[in-house]
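Engineer: Turn this into a model:
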Amino acid sequence: MSTRTPAERCIRTSSTRRGYLRTLAVVNAIGIGWLGWPSVSRAAVDPATVPESKRMRAGRYLLAAEVPAFIAARGGPAKVLFLDVRTRAEAMYVGTPGGVDALVPYAEHQETMIDWDAKRGSYRLEALPDFLSEVQRRLHQKRLDSDDPLILICRSGDRSARAANWLAQDGFTRVWSVVDGFEGDMGQDGRRSVNGWKNAGLPWSYQLNREKMYFPRGLADD
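Structural biologist: Predicted structure coming up:
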């Protein structure tokens, strides 16, 4: 059985198979962080090596395996907003990260799902009009503001980067994108088994909490 920590396993795999994450010589445990995972001593993502589709203008990136220690180092969950920006269907059928504050989709599928996105090889996604207002609402629930740390996670780091840029245009100054996302990058076998939250062994669940889910405005109380 491997003695490597979840952070070490994720960093080692992603750096060797994708090439955009630096290999860490040593990952030091400097205490037990949020959700009980060891802290990581330094950032593992080199912004210059992040693929174009995952780049955000501010250049703030985290590996999924770094998130618990990052939150702990900034005062714990009460001081950081952690948002899942995937679709409602992804949350329902793929699961959600442990410790996430809310699901706030950056984009959603069309109701009838009739348009195809050839570049992504999937049904078309459309940006959610009330994304910004929903992020603000979730901030206010935690008594935070746009200058407090905000972490975004999507499937594999593309949408979270675009969402971070959108938020920056609206005055958010401290937004981080989880560069490998919840499921991680696609491996040569066509599976998302390379990196990401799930592959790092971090807590996740199929069980949904209604209070954390997204509902279109006006339907939340139905």
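
Engineer: And the spatially most central residue of the chain, how close does it get to residue 187?
Structural biologist: Nearest to the mean C-alpha position of the chain, counting by CA atoms, centre = their mean, stands residue 153 at 1.3 Å. Distance, residue 153 to residue 187, using CB to CB, to the nearest Å: 19 Å. Using the backbone N, CA and C atoms, a C-beta is placed for each residue, glycine as well.

Engineer: same thing with residue 138?
Structural biologist: Distance from residue 138 to residue 187, by CB to CB: 33 Å.

Engineer: for the protein, what spans make up the helices?
Structural biologist: With DSSP state H, the ranges of helices along the chain come out as 6-17, 67-73, 88-94, 131-141, 158-169, 196-199.

Engineer: Show residues contacting the third one.
Structural biologist: The one in question is helix 88-94. 84, 86, 103, 105, 108-109, 155, 182-183, 206, 208, 213-214 (CB atoms under 8 Å, 6 or more residues apart in numbering).

Engineer: returning to what we had before: between residue 138 and residue 187, point out the one with more neighbours.
Structural biologist: Set side by side, residue 138 and residue 187 show more neighbours around residue 138, with 20 against 15, by other CB atoms under 10 Å.

Engineer: can you count the residues close to the closest residue to the more buried one other than its chain neighbours?
Structural biologist: Spatial nearest neighbour of residue 138, excluding adjacent residues (CB to CB, 6 or more residues apart in numbering): residue 102 at 4.8 Å. Around residue 102 there are 22 other residues, counting by other CB under 10 Å.

Engineer: Is residue 102 bridged to anything, and to what?
Structural biologist: On the basis of DSSP bridges, residue 102 takes part in beta bridges with residue 83.

Engineer: Could you pull out the strands in the protein for me?
Structural biologist: Counting by DSSP state E, the chain has strands at residues 61-62, 81-84, 96-97, 102-103, 107-109, 116-117, 122-123, 125-127, 150-153, 175-178, 204-205.
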